[in-house]
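Asks: Return a 3D structure for these sequence lines:
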Amino acid sequence: MTKPGLAPRRSALWLLGQVTGEGRLLSELLPRALDKLPPEDRARAQRLTVETLRWADRADRVLKPFLKKAPNLPVRNALRMAVVEMAVDGAAAHGVVDAAVTLMGETKKTKPAAGLANAVLRKVDVAAWDRTQLPKLPNWLRGPLIAGYGRRKIEAMEAAHAAGAPLDLTPKDGDAAALGARVGGVALPTGSVRLDSRAQVTALPGFESGDWWVQDAAAATPARALAGGLAPATGARVLDMCAAPGGKTMQLAAAGAEVTALDLSEHRMTRVAENLARTGLSAKTVTADALEWTPDAPFDAILLDAPCSATGTIRRHPDLPHARDGAEFAGLFALQEAMLDRAVDWLKPGGLLVYCTCSLLPDEGEVQIEEALTRHPSLRLETDVLRVPGVEDGWLCDEGLRLTPDLWKDRGGMDGFFIAALRKDA
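Replies: Next up is the predicted model:
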């Protein structure tokens with residue numbers, strides 16, 4: 001008979017191996033990886049995986065005094081998960097140790113270390129957890145970020161990553177105060193509603209009726225800026241490039257724009273269509289490569305949320321630093337440049353282009369805009385467009401709006417984003 005609690009732990013260990021050993025992201029794995037588990041076990045497996053990835057660096061430091069040498073990766077992940085269960089979840093040590101030893105005995109790679117795990121986990125000082133420094137970003141990312149922001153700023157971001165992310169909603173009618181009261185959340189200055197991250201999304205009032213959608217407060221800012229820059233947006237022809245999963249498309253449609261949503265992924269565009277149907281909003285959806293597709297006519301405005309490193313979302317996606325190593329940076333920079341050029345070509349004279357990335361890297365934000373202004377003398381920055389309600393002056397920079405996870409510390413932070421508004425000469 002299988003011991004209680006083994007199934008979600010077993011699934012979590014498999015997911016940890018896929019992320020740390022195979023370089024796969026949880027967003028690719030989760031839709032199908034846990035299908036065979038009942039809902040409660042599925043939720044536990046996902047939470048164990050996410051929390052172990054978030055706290056892996058600290059767990060390694062707690063384990064280090066009891067290990068003569070680093071164990072192989074499957075064993076290391078099992079030890080990390082056990083320490084996180086005891087230190088973060090407050091789980092009883094005897095049950096966690098017993099489960100870890102049992103799981104290690106199930107595979108050839110981990111079976112020889114079952115005795116080691118038993119000895120080490122029984123010695124681990126859980127009280128040392130809070131005395132151990134917060135997890136640091138990996139060197140491949142930490143170095144470039146320190147060069148761009150300074151060490152103190154990066155340490156503040158790392159603290160925000162460790163704290164995790166709350167759940168933000170965008171109200172379809174724009175009334176954040178009313179939605180906040182309805183769902184038990186807090187209205188944020190930028191117009192989003194914030195709840196505890198443990199809220200069950202589909203059970204919240206207004207989900208079935210499509211009164212709101214999940215969208216980080218920072219991610220909701222680019223579309224708010226674009227809609228304000230059109231003044232009014234009603235009837236304007238707007239292109240949402242790289243539109244999936246559709247949050248910005250829905251914002252623009254709710255503002256009254258005639259939106260074309262463009263994305264390369266057929267699977268992700270299915271989600272856009274589903275979200276539009278749930279919210280009762282309409283937009284033209286196009287599944288195509290932005291570097292090959294051509295519109296029938298220029299647009300009044302374009303929102304380009306360009307493919308990027310997603311380094312601004314680590315607080316909600318702690319798998320990213322473990323699954324990536326920075327090797328993809330050069331290709332992303334080139335793709336962003338090419339997409340910017342396409343967007344400029346598709347924009348009407350006098351039209352507005354809002355460019356954004358959920359990245360902390362200046363090369364994917366400020367530098368892209370500096371170079372775009374050099375390539376396209378017809379463009380000019382419109383910083384005032386970015387002064388949407390809730391945006392503080394200190395967040396603005398020469399090239400646009402720079403949002404980082406450590407901002408709004410007392411409110412639960414926000415995703416890292418860069419946003420720029422560009423007007424094409426008439």
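Asks: By mean pLDDT, point me to the weakest helix or strand of the protein.
Replies: Of all helical and strand segments in the chain, the minimum by mean pLDDT, DSSP states H and E falls on helix 26-33, at a mean of 88.
Asks: shaky segments in this structure?
Replies: 1-4 (pLDDT under 70).
Asks: need the contact list for residue 108.
Replies: Counting by CB atoms under 8 Å, 6 or more residues apart in numbering, residue 108 makes contact with nothing. C-beta coordinates here come from the backbone N, C-alpha and C atoms, glycine included.
Asks: Find the helix or strand that it is a member of.
Replies: Counting by DSSP states H and E, there is no helix or strand that carries residue 108.
Asks: Enumerate the positions of stretch 39-47 that are buried.
Replies: Counting neighbours by 16 or more other CB atoms under 10 Å, one finds that the buried residues in stretch 39-47 are 41-42, 44-46.
Asks: again, but for stretch 180-197
Replies: Buried, per 16+ other CB under 10 Å, within stretch 180-197: 180, 182-183, 185, 187-188, 190-195.
Asks: So what touches that stretch?
Replies: With CB under 8 Å, 6+ apart, stretch 180-197 has contacts from 164-171, 174, 176-177, 179, 199, 204-206, 212, 215-217, 220-221, 224, 388-391, 411-412.
Asks: So which of these sit within helices?
Replies: 176-177, 179, 217, 220-221, 224 (DSSP state H).
Asks: could you dump those residues to TSV with neighbour count and distance to residue 333?
Replies: What follows is these, written out as TSV (neighbours: other CB atoms under 10 Å; distance: CB to CB, whole Å):
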residue	neighbour count	distance to residue 333
176	23	35
177	12	41
179	24	38
217	27	27
220	24	25
221	29	23
224	26	27
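Asks: of the residues you listed, closest to residue 61?
Replies: Lowest distance from residue 61 to these (CB to CB) belongs to residue 217, with 32.2 Å.
Asks: so who does that closest one touch?
Replies: Listed by CB under 8 Å, 6+ apart, the contact set of residue 217 reads 168, 188, 190, 192, 194, 408, 414-415.
Asks: out of those residues, which one sits closest to residue 300?
Replies: residue 190 (23.7 Å).
Asks: still on that earlier bit, in a markdown table: the buried residues of stretch 39-47, plus distance to residue 368 and secondary structure.
Replies: As requested, the buried residues of stretch 39-47 are exported to a markdown table (distance: CB to CB, whole Å; DSSP: H, G, I helix; E, B strand; the rest coil):
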| residue | distance to residue 368 | secondary structure |
| --- | --- | --- |
| 41 | 43 | helix |
| 42 | 39 | helix |
| 44 | 41 | helix |
| 45 | 38 | helix |
| 46 | 34 | helix |
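Asks: which pair in these spans the largest distance?
Replies: So, the buried residues of stretch 39-47 by CB to CB: farthest apart are 41 and 46, at 9.7 Å.
Asks: Mind listing the shared neighbours of these two?
Replies: residue 34.
Asks: Without its sequence neighbours, what residue ends up closest to residue 138?
Replies: Closest residue to residue 138 apart from its sequence neighbours, by CB to CB, 6 or more residues apart in numbering: residue 321 at 5.0 Å.
Asks: what are the C-alpha coordinates of whichever strand or helix holds the one you found, in PDB please?
Replies: Element membership of residue 321, judged by DSSP H and E, is helix 320-323. Output of helix 320-323 as PDB, limited to C-alpha atoms (Å, rounded to 0.1, in the frame of the first residue of the first chain):
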ATOM      1  CA  LEU A 320      13.300  30.400 -14.700                       C
ATOM      2  CA  PRO A 321      16.700  30.900 -13.100                       C
ATOM      3  CA  HIS A 322      17.100  27.100 -12.800                       C
ATOM      4  CA  ALA A 323      16.000  26.300 -16.400                       C
END
